[in-house]
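>>> sharing a sequence plus its predicted fold:
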Amino acid sequence: MYDVIIIGKGPAGMSAALYTVRSNLRTLIIGKNDSNLLKAEKVDNYFGFAQTISGKELLKNGEIQVKRLGAEVLEDEVISVEKDEFFKVVTGTASYLCKAVLLATGLPHKAIMIENMAKFEGNGVSYCTTCDGFFYNNRKVGVLGHRDFAVHEAMELTTFTKDVTIYTNGKHLDVSGKYIGELGRFRVDTRKILKLEGDEFLEQIHFADGTGENIDGLFVAYESASSIDFARKLGILTDGNLVVTDNNQRTNLDGVFAAGDCSSRFRQISVAVGQGAVAGKAIIEYVKSL
Ligand SMILES: Cc1cc2nc3c(=O)[nH]c(=O)nc-3n(C[C@H](O)[C@H](O)[C@H](O)COP(=O)(O)OP(=O)(O)OC[C@H]3O[C@@H](n4cnc5c(N)ncnc54)[C@H](O)[C@@H]3O)c2cc1C
């Protein structure tokens, strides 16, 4: 059992870990190697560097620092976060229990160029199987995605209906771990999607090859899950693509905190690091209060 699991190993997540490990909280950071900061070749507006530093170098130093102080760092992708007595953080290969969770996955990378996607949001297009799966009892639904996250969402939907198709939108399936064995339960459609159609509600998917098919609901689980996906499923308040927090980076769900680009409109390293520190302090207080 970890005291805290931090999802994301960018500046926000690693900054929080500096505080939690130094307060003797058992801290696990789970993150992939695709922080937005890797794209910054030259950073000149972060305090304390006499010479320009690259984002890559900053991240590398940060990881060495958190490991030196005692944080465990795991390179993996988190697929879901579930709440029971404690929190269960699930990856493609394992799951981990913890008392508190910090969401620090940065911005979601999800530019999906499908016509009418926004038009049907809430009317057939959903981003949350836990919230909306129930409305599609015994109906025909699809999951838009091509990775572990999509298979995980398809598995959740089988509670409500057996008619679940995974639409990869022209991408190759990229599935790992236990999700490979689950794929056989679903129809997989790899055609590129052009647009969604319907009157008030989603009724049809149109493909780039000129074909189409009827559908009742489409759940978006594109690329990998991000803080906003975890938040929606846990019933945490969101605002557009942001996870809503108070001044201490606490969400409205006890034990879940958010920091960095996923919870800030001013997307900068200094802000992410600052929010991470505030979250770290709030997590220490939370865990010690249990
Ligand atoms: C091109 C570019 C240049 C920039 N230049 C500057 C600059 O000069 N100065 C400045 O202050 N800011 C700059 N920024 C902004 C800065 O990079 C971000 O504000 C900062 O990286 C945010 O930190 P974060 O920790 O919130 O998110 P990120 O750094 O994006 O880190 C998010 C972490 O979460 C992980 N993750 C995501 N999903 C999952 C999942 N499902 N499971 C596990 N891990 C996951 C990612 O792999 C990553 O490790 C730049 C951004 C870009 C794109």
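Perfect, I can see it now.

>>> switch to C-alpha atoms for all contacts and neighbour counts from now on
Noted.

>>> and the longest strand along the chain, what does it pack onto?
Of all the segments of type strand in the chain, defined by DSSP state E, the longest one is strand 95-103. Using 3 or more CA pairs under 8 Å, 6 or more residues apart in numbering; DSSP states H and E as the contact criterion, the elements in contact with strand 95-103 are strand 2-7, strand 87-91, strand 256-258, helix 269-289.

>>> now do that strand against strand 2-7, angle only.
60 degrees (axes from the mean of the first three to the mean of the last three CA atoms, to 10 degrees).

>>> can you name the residues in contact with whichever helix or strand comes after strand 95-103?
The C-terminal neighbour of strand 95-103 among helices and strands, as given by DSSP states H and E, is strand 125-126. Judged by CA atoms under 8 Å, 6 or more residues apart in numbering, the contacts made with strand 125-126 from elsewhere in the structure are 117, 132, 202, 217, 218, 219, 220.

>>> distance of residue 178 from the ligand?
From residue 178 over to the ligand the distance is 16 Å, taken as CA to the nearest ligand atom, to the nearest Å.

>>> brain fart, residue 258
9 Å.

>>> nearest spatial neighbour of that residue, skipping sequence neighbours?
Of all residues beyond its chain neighbours, the one nearest residue 258 is residue 103 (4.5 Å), with distances taken as CA to CA, 6 or more residues apart in numbering.

>>> report how many residues lie close to that neighbour.
Neighbour count for residue 103, taken as other CA atoms under 10 Å: 29.

>>> just to check, it is in contact with residue 256?
Yes: when contacts are counted by CA atoms under 8 Å, residue 103 is listed as touching residue 256 (7.4 Å).

>>> relative to residue 61, which of the helices and strands packed on strand 95-103 is closest?
Nearest to residue 61 among the helices and strands packed on strand 95-103 is helix 269-289 (13.8 Å), distances taken as CA to CA.

>>> average pLDDT for that closest one, rounded please.
With pLDDT averaged residue by residue, helix 269-289 scores 98.

>>> before we move on, what about stretch 8-19?
98.

>>> give me the most central residue, the chain.
residue 226 (1.5 Å; CA atoms, centre = their mean).

>>> pLDDT value on it, please?
At residue 226, the model reports a pLDDT of 93.

>>> contacts only, for it.
The contact partners of residue 226, taken as CA under 8 Å, 6+ apart, are 105, 106, 107, 108.

>>> out of these, who's near the ligand?
Restricting the contacts of residue 226 to those within reach of the ligand (CA under 6 Å from any ligand atom) leaves 105, 106.

>>> coming back round to it: how near is the residue nearest to the centre of the chain to residue 187?
Residue 226 sits 25 Å away from residue 187 when distances are taken as CA to CA, to the nearest Å.
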